[in-house]
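Undergrad: turn this into a structure:
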Amino acid sequence: MGLLGIATEPFLTSQVQDVTVAPISISYEKVLEGELYTNEMMGESKTKESLNGLFRASKILRMNWGRINVVIAPPISVRKYTEEFISGTTQQRMLLGGRPKTINPDLNDPTNPGLVLQNEINAELKATPLEVPDSATPTPPIFSSPFPPPPPTPLCNPYTDKDDKRLLIQALAYKIVDDLNQHLIITTTAIVSTVLLTYRRGINREELISKVDWLREEIISRGALVAFDGPTSNMVDYALKLLSNLVTKRRNMYEPANSLHGGGQGQGNPNHNYRRNILVLSFYRNQLLHLFQWEGIFACVLAWFSGYGGKRKKNTESKPDKTLGVDEPRLFEEATFIAQLLSAEFVNPPGTLNGALLSSTLNRLVERGWVHRHEAENPNTHEKNTYFRISSRGEGPISFLCHMFWPFIESAMVACVTLFSIQPDLEIKTSSLQQRIGWLAEKMYDEGKLYFYESCSMEVLSNTTQTFMKMGVLKTKRPEPPKPAPTKGAAARKRQNNGPNTGGKVTDTEQVQLLPPFTEKDGPLKALAERISRYRRSPPIISQQKEYKRVIVEEFPLLAKL
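TA: Residues are numbered from 1 along each chain as shown. Below is the predicted model of the structure:
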């Protein structure tokens, strides 16, 4: 947003006639910074660049890094886009009955668009003399003042109004991101990594080729491009060669390697290296998540209502009837909740999530035969309602979609559980809270209470914290810098005026705190944790018979250590 604002400023201030923005989409089949990326995702400090490191890295020039796909999207004229934005926003505000925004144009600025328009009107009036009948009283001059009056206040003017300017740049930014996504070429490594993470316990070659071929067709059907021409078997072999340091083959079964060198060999902690490889594979997988965003959200909701997924509270919330499914209002309500929970992971313009989008996505799942729609009697009201459940044909595709999005729901669940440690009103640094969340995620994974290690990624956990702030669960505040102690003397007074030795700067002191009513014990925070955990994949080692509170809180005695 900041860079885009700087780029468009010359046009909005009439310094140039137009600015052209060319979105360039770039995708890598294999990234150079894979291992460094995992360090940051695991909460480790970023490796500093050095000259010695540059010389040591010279060996990478002899390695195969695949292809780089570069696509230049159609250029965007800022002038044309601004005109369309003004027209569309004005019509929208007129339909909504919005009052004109207060704009005070500077009549001394010759570049002011409002004044330029008024000058053109004045020139046209002067060029067309008025015809006054002889018997009529002469019409007084149109403007008795030497300066023309200000033009009518427009409903949208990004040239002079800061709010409209911000909205224009924001809309342009969303337009650029959308163009980048539409022209992004999905790499072979992204497709194969997605399948390997879905079957991370092992998949044979024939099944791997079959799943990759299915996913490839799904990507193409959504209008995206795949960076490979030829048989799927050749595509799989090509991708596995690029991922040889991340994938191992054991008894004709491919799975994420437990070493940094692939093939199950290498030094270091195998478990630690396996986790690093999972994070790199998930990095490739995230390249195509936006293509399945809304279907994946529906899949996670339908999985629970169809009898799969997370835990159920004993006695208070019975297991959903697998044959009945869920009615449309409840399905849309829960899908909206999951979409808000994952909002930080995707870039969607405001207003994207609406009833029309949800309806079209659900209808598409029904038309493909993945979801079964039927009429049934509501067991509570005894009224006929429309229900949806996963069909037998859709169990495979829906499960595949769930595996893409379950890691993010697990991350949200871990972050929510960590918030129990700051009840009711404990203030904690934002960085400290994120460290707690990361530590708890690692412990829960070690104890088998998390299924996906990528849910421990610090980037995803940090995004979840920001989401809770938007949802009104957390609030942030910056403490005021400490006031200097009273001093005497000219030199001391000078130091006092200049502030303390720290210069009055507050570094890494932003604090977070729970907002009411989430401060209440066994209140909305517990209900939120239960609602999130409902839609995640449940580790099989946890008994389905245990009470939910024990699963969420009492099963995690390490919360007391926080």
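Undergrad: after the helix or strand harbouring Leu281, next one along is what?
TA: In the assignment (DSSP states H and E), Leu281 maps to helix 270-285. Using DSSP H and E, the helix or strand that follows helix 270-285 in sequence is helix 293-305.
Undergrad: for that next one, name the packing helices and strands.
TA: strand 326-327, helix 328-341, helix 355-367, strand 384-390, helix 395-418 (3 or more CB pairs under 8 Å, 6 or more residues apart in numbering; DSSP states H and E). (Each C-beta comes from the backbone N, C-alpha and C, glycine too.)
Undergrad: what's the model's confidence in it, averaged?
TA: Computed over helix 293-305, the mean pLDDT rounds to 95.
Undergrad: buried stuff in it?
TA: 293-305 (16 or more other CB atoms under 10 Å).
Undergrad: off-centre distance for that helix?
TA: Distance of helix 293-305 from its chain centroid, counting by CA atoms, centre = their mean, to the nearest Å, is 17 Å.
Undergrad: what segments of the stretch 151-300 of the chain are strands?
TA: 185-186, 203-204, 225-226, 247-250, 253-256 (DSSP state E, counting those that start in this stretch).
Undergrad: ranking those strands by burial, who's on top?
TA: With neighbours defined as mean count of other CB atoms under 10 Å, the strands of the stretch 151-300 of the chain peak in mean count at strand 185-186, which reaches a mean of 22.
Undergrad: and the nearest residue to Gln340 once chain neighbours are set aside, how many neighbours?
TA: Once flanking residues are discounted, Gln340 sits nearest to Met471: 6.7 Å by CB to CB, 6 or more residues apart in numbering. Met471 has 15 neighbouring residues, counting by other CB atoms under 10 Å.
Undergrad: CA atoms of the helix or strand where Phe11 lies as PDB?
TA: Element membership for Phe11, per DSSP H and E: helix 2-12. Only the C-alpha atoms of helix 2-12 are listed here, as PDB (Å, rounded to 0.1, in the frame of the first residue of the first chain):
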ATOM      1  CA  GLY A   2       2.800   2.400   0.900                       C
ATOM      2  CA  LEU A   3       4.800   1.800  -2.300                       C
ATOM      3  CA  LEU A   4       1.600   1.900  -4.400                       C
ATOM      4  CA  GLY A   5       0.700   5.200  -2.900                       C
ATOM      5  CA  ILE A   6       4.100   6.600  -3.700                       C
ATOM      6  CA  ALA A   7       3.800   5.400  -7.300                       C
ATOM      7  CA  THR A   8       0.300   6.900  -7.800                       C
ATOM      8  CA  GLU A   9       1.000  10.200  -6.100                       C
ATOM      9  CA  PRO A  10       2.400  12.000  -9.200                       C
ATOM     10  CA  PHE A  11      -0.900  11.300 -11.000                       C
ATOM     11  CA  LEU A  12      -3.200  12.200  -8.200                       C
END
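Undergrad: that one packs against which elements?
TA: helix 78-95, helix 162-182.
Undergrad: what's the most buried one of the ones you listed?
TA: helix 162-182 (a mean of 17).
Undergrad: quick check: angle from that helix to helix 2-12?
TA: Interaxial angle of helix 162-182 relative to helix 2-12 (axes from the mean of the first three to the mean of the last three CA atoms, to 10 degrees): 120 degrees.
Undergrad: low-scoring pLDDT stretches of the chain, where are they?
TA: The chain contains residues with pLDDT under 70 at 1, 34-36, 44-47, 49-51, 53-58, 98-153, 259-270, 308-322, 479-508, 539-562.
Undergrad: center of it - which residue?
TA: Glu345 (2.1 Å; CA atoms, centre = their mean).
Undergrad: thinking again about what came up before, next helix or strand past the helix holding Phe11?
TA: Next along from helix 2-12, by DSSP H and E: strand 20-21.
Undergrad: list the buried residues of stretch 521-541.
TA: Quick answer for stretch 521-541 (16+ other CB under 10 Å): 524-526, 528-538.
Undergrad: before we move on, what about stretch 390-409?
TA: Result for stretch 390-409 [16+ other CB under 10 Å]: buried residues 390-391, 394, 397-409.
Undergrad: over to stretch 235-249?
TA: Buried-residue list, stretch 235-249, by 16+ other CB under 10 Å: Met235, Val236, Tyr238, Ala239, Leu240, Leu242, Leu243, Asn245, Leu246, Val247, Thr248, Lys249.
Undergrad: in helices, which of those fall?
TA: Secondary structure from DSSP state H places Met235, Val236, Tyr238, Ala239, Leu240, Leu242 of the buried residues of stretch 235-249 in helices.
Undergrad: name the nearest residue to Val195, ignoring sequence neighbours.
TA: Lys211 (4.6 Å).
Undergrad: next up, the contacts around the one you found.
TA: Applying CB atoms under 8 Å, 6 or more residues apart in numbering, we find Lys211 in contact with Val195, Thr198, Tyr199, Ile203, Phe400.
Undergrad: among the residues you listed, which two are most distant?
TA: Farthest-apart pair in those is Ile203 and Phe400; separation 12.2 Å (CB to CB).
Undergrad: returning to what we had before: can I get the strands of the stretch 151-300 of the chain in CSV including distance to Leu96?
TA: Below are these laid out as CSV (distance: least, CB to CB, whole Å):
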stretch, distance to Leu96
strand 185-186, 39
strand 203-204, 53
strand 225-226, 39
strand 247-250, 54
strand 253-256, 52
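Undergrad: quick one: which of these is nearest Ile437?
TA: strand 253-256 (23.9 Å).
Undergrad: counting by contacts, list what the closest one packs against.
TA: Taking 3+ CB pairs under 8 Å, 6+ apart as the contact cut, strand 253-256 packs with helix 188-198, strand 203-204, strand 247-250, helix 270-285.
Undergrad: what do you get if the cut-off is 7 Å, keeping everything else the same?
TA: strand 203-204, strand 247-250, helix 270-285 (3 or more CB pairs under 7 Å, 6 or more residues apart in numbering; DSSP states H and E).
Undergrad: and the shortest one, how far out from the chain middle?
TA: Put plainly, it is strand 203-204. With CA atoms, centre = their mean, you get 32 Å for strand 203-204.
Undergrad: cool, and stretch 233-245?
TA: 29 Å.
Undergrad: again with stretch 438-446
TA: 23 Å.
Undergrad: before we move on, what about stretch 454-463?
TA: Taking mean C-alpha positions (CA atoms, centre = their mean), stretch 454-463 and its chain are 12 Å apart.
Undergrad: CA atoms only: put it into CSV for me.
TA: What follows is stretch 454-463, C-alpha atoms only, in CSV (Å, rounded to 0.1, in the frame of the first residue of the first chain):
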residue,chain,number,x,y,z
GLU,A,454,2.8,-26.9,9.7
SER,A,455,0.2,-25.6,12.2
CYS,A,456,3.2,-24.7,14.4
SER,A,457,4.5,-22.2,11.8
MET,A,458,5.2,-18.9,13.5
GLU,A,459,3.9,-17.0,10.5
VAL,A,460,0.5,-18.7,10.7
LEU,A,461,0.3,-18.4,14.4
SER,A,462,1.1,-14.7,14.2
ASN,A,463,-1.6,-14.2,11.6
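Undergrad: what's next to that stretch, contact-wise?
TA: In this structure, residues lying in contact with stretch 454-463 by CB atoms under 7 Å, 6 or more residues apart in numbering are 40-41, 43, 278-279, 282, 344-345, 407-408, 410-411, 414-415, 434, 437-438, 441-442, 445.
Undergrad: quick one: residues in contact with stretch 9-21.
TA: With contact meaning CB under 7 Å, 6+ apart, stretch 9-21 is reached by Ala7, Thr8, Pro75, Ile76, Ser77, Val78, Arg79, Thr111, Pro158, Tyr159, Lys165, Ile176.
Undergrad: ok, now stretch 284-293?
TA: For stretch 284-293, using CB under 7 Å, 6+ apart, the contacting residues are 27, 181, 186-187, 189-190, 193-194, 197, 219, 222, 224, 346, 401, 404.
Undergrad: check the offset of it from the chain's centre.
TA: 11 Å.
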